[in-house]
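A.B. asks: the following comprises the amino acid sequence and a computationally predicted model.
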Amino acid sequence: MTAPHPHVDFSGVAVRIGLATILRDVDLAVAPGESVGLFGSNGAGKTTLLRVIATLLRPSGGRAYVLGTDLDSQDRFDIRPRLGLIGHLPALYPELSLLGNLEFSARIAGVPIPAARKALETVGLGLAADRRAGEASHGMQRRVEFAREIMLEPDLLLLDEPHSALDPSAIELVEHIVAGVLERSGAVVLVSHDVARVAPMVTRTAELAGGTVNE
Amino acid sequence: MSDHFWRQALAVARRDLDRERHSGEVAWVTIPFGAIALLLVPLAVGINQDVLERIGTGMLFVVVMLFGVLTAVRRTNIETPAQRDAIALLGVDPVAEFTGKSMATAVLLLVFEVVMGAVAVALYGLDLSGWGWMVLVMPLTAIGLAELGTLSGAIAASVQAGPALVPLLVTPLAVPLLLGATQTVESIGGDGGNLSWLILMVIVVLVLAIVGVITARPLQETR
Amino acid sequence: MTSRRRPSWLDIAAVVAVVGALVFAMTSPRVEAQGDSARMLFIHVPTIWLAYLAFAVTFIASIAYLVTKKLNWDLIAGSSAEIGVVFTTVAIIGGMIWGKATWNVYWTWDARLTLTAIMLFVYIGYLALRRAIPDPEARARRSSVLGILGLVQLIPVHFSVTWWRTLHQTNTFRPRDIQMDGPILAALLISVAAFTVVYVALLRHRYELAQLDLAAHEAAAATEGPVAGDAVSAPSIGSSGA
């Protein structure tokens, strides 16, 4: 009974939005301590799959478990605080400062507020803390989102195109964060179309094509 | 209600007020625009002082209602899908989110009402005899409109035609607030009639709160 | 597949009931004060009744959907609201024509007239929302909330408008002050009953249509169509590719 459940356990998962089939028959298992890179061309359904794993989109068919919870049940809301997602569009509030954004996340998640500044310093934005998010570059905004995940320490981290808009030092940061999650026996799923850049931080790769996963 | 509920509700309210503080949309756009609307009325109906005095309070609340709807629409509009995803994954309680958003919008609407009230008094030379009631009427109107706005915003969220839909959804349902506000203030005779109007407004505010709480969870599920 | 469906007993009953009710209405005694235009009563009251009935059904079906999560309830809610909007419109237009005939204006700020107009806008909003959401489940969830909110909020709307009219009562002639003699009341009740049968028949047809719509949607979704991502292929720019 204590055998480690996979953090992600999908079999035959399908997603249809309206009349369009985005994913079909997706089998995917990600064990604790694993980091899986998902590749695929534009429109292959990578982002959709990440949103399903993140409980933000309900699968229309198949069996889907995340952190041991059936995604078809109401319990899926309870695991949300244990998930981290960095989407490819920034989710910051442009009117708030970089620090203000992080402090908001801390308040909602119930993390001590000083952790926000500390995380911001970790990602190298300590001096830009008071800058308005709307005036920060895309790369800086991404760093803030990385800071959020450092602060919240998710058990399952989902990254959508983590390299976009990042300079080399920030890419090292991503590797550092991924390593941190794996050390805690968490798991990482990251989506990219750039196999070479992602290779150093994944333990396994899979390809998403034709709406399904081929390992 | 637990600590964590109020912590989240207050955080959401604070976020919305902070966003407004930096963007100044209500302060620098909605309020001046509302003041222009009040200024336009005499241009259209004539500057007869008696007429203005008679219709002034009513015009004030029509402006409050229409611009309140505008503010509510705006609130729902400024939240992007990515932001909605992010706050959902932080584990926000949907009821706390509803409460926090309504609180922030209510505060903004109350400020709007107070400024518009002052403008209306100055422009129309209103008789202030029934205005003691405003101390209760203005907050109730603000809370009710804020709840309605947050609710219909959630109903129309991530619907493509959403921003166009919200005014249609809110305005007819806001009628009891409009009538309650104007009738309490100008209630004829003062024979306790204003009290029943006030009670009606309180009931509306409570009913909207209950509906908001019950439906917060199903509305948060985007799919 | 039958190419043509025969009318059911319910349809036939609806037609018979309406014809019967009309006969009663046209043969009931004249109301002295108003002449034949008072016979509008036999259309006006039942249409209003149907509007309220239809929206009440929408309300109940919306709750049932949120509790059971069964899409059929949502289809009933949507179907009923559509019928309600049609009958509300008929009631308002009929009321305006009647108003013109009896006191020579199309619109008075009568409480019930005002209320009916507000109700119409609430449910036009409801139908507009349904149209705007293509996914059946998302549509059901959002619109059921509005179906509940709409009716719950109509109660204070009703009170506020009625009180407001009582405060501002003027001396206009009110058409509903007609003395109801026995035969007129009987004809009215028959007419209300007949329209109710019509409502049930319409609701059944609309509901069946909605079910077919949903089935078509589900069938189309279930067919293993091309995966959306397959529509994207490598750019054809002449190179041999990597």
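C.D. replies: Thanks, I have the structure now.
A.B. asks: and the residue of chain C closest to chain A?
C.D. replies: Nearest to chain A in chain C, going by Cβ to the nearest Cβ, is C:V227, at a distance of 3.3 Å. To be clear about C-beta, it is placed using only N, CA and C from the backbone, and glycine gets the same treatment.
A.B. asks: which residues touch the nearest residue to that residue once chain neighbours are set aside?
C.D. replies: Of all residues not flanking C:V227 in the chain, A:G211 sits nearest, at 3.3 Å (Cβ to Cβ, 6 or more residues apart in numbering or on different chains). Neighbouring residues of A:G211 by Cβ atoms under 8 Å, 6 or more residues apart in numbering or on different chains: A:T21, A:I22, A:L23, A:R24, A:D25, A:V26, A:A44, A:G45, C:V227, C:A228, C:G229, C:D230.
A.B. asks: quick check on those: which are buried?
C.D. replies: The neighbour-count test (16 or more other Cβ atoms under 10 Å in any protein chain shown) marks A:T21, A:I22, A:L23, A:R24, A:D25, A:V26, A:A44, A:G45, C:V227, C:A228, C:G229 as buried among the contacts of A:G211.
A.B. asks: show me what from chain A comes close to chain B.
C.D. replies: Applying Cβ under 8 Å from any Cβ of the partner chain, one finds that chain A approaches chain B through A:51, A:54-58, A:77, A:80-81, A:83-85, A:87, A:89-93, A:95-96, A:100, A:104-105, A:107-110, A:132, A:152.
A.B. asks: now the residues you listed: which count as buried?
C.D. replies: With burial judged by 16+ other Cβ under 10 Å, the buried subset of the residues of chain A next to chain B is A:51, A:54-58, A:77, A:80-81, A:83-85, A:87, A:90-93, A:95-96, A:100, A:104-105, A:107-109, A:132, A:152.
A.B. asks: where do the strands sit along chain A?
C.D. replies: Assigned by DSSP state E, the strands in chain A fall at A:8-17, A:20-30, A:35-39, A:61-66, A:69-70, A:83-86, A:156-160, A:187-192, A:204-209, A:212-214.
A.B. asks: and the ones you listed: which comes nearest B:E147?
C.D. replies: Nearest to B:E147, of all the strands of chain A, is strand A:83-86, at 30.1 Å by Cβ to Cβ.
A.B. asks: list the neighbouring strands of the closest one plus their orientation.
C.D. replies: strand A:156-160 (parallel) (DSSP bridges).
A.B. asks: residue nearest the centroid of chain B?
C.D. replies: Central residue of chain B (Cα atoms, centre = their mean): B:L145, 3.3 Å from the mean position.
A.B. asks: what sits against that one?
C.D. replies: B:L145 makes contact with B:V64, B:M65, B:G68, B:V69, B:A72, B:T105, B:A106, B:L109, B:V170, B:A174, B:L177 under the criterion Cβ under 8 Å, 6+ apart.
A.B. asks: contacts for whichever strand or helix holds the last one next, please.
C.D. replies: Following DSSP states H and E, the helix or strand that holds B:L177 is helix B:175-186. For helix B:175-186, the surrounding residues in contact (Cβ under 8 Å, 6+ apart) are B:57-58, B:61-62, B:64-65, B:130-131, B:133-134, B:136-138, B:140-141, B:144-145, B:148, B:193-194, B:197-198, B:200-201, B:204, C:118, C:153, C:156-157, C:159-161, C:163-164, C:167.
A.B. asks: ok now that helix, how far from the chain's centre?
C.D. replies: On the basis of Cα atoms, centre = their mean, to the nearest Å, helix B:175-186 sits 14 Å off its chain's mean C-alpha point.
A.B. asks: same check, this time on stretch A:185-199
C.D. replies: Mean-position distance between stretch A:185-199 and its chain equals 10 Å (Cα atoms, centre = their mean).
A.B. asks: check which residues of it are buried.
C.D. replies: Across stretch A:185-199, burial judged by 16+ other Cβ under 10 Å covers A:G186, A:A187, A:V188, A:V189, A:L190, A:V191, A:S192, A:V198.
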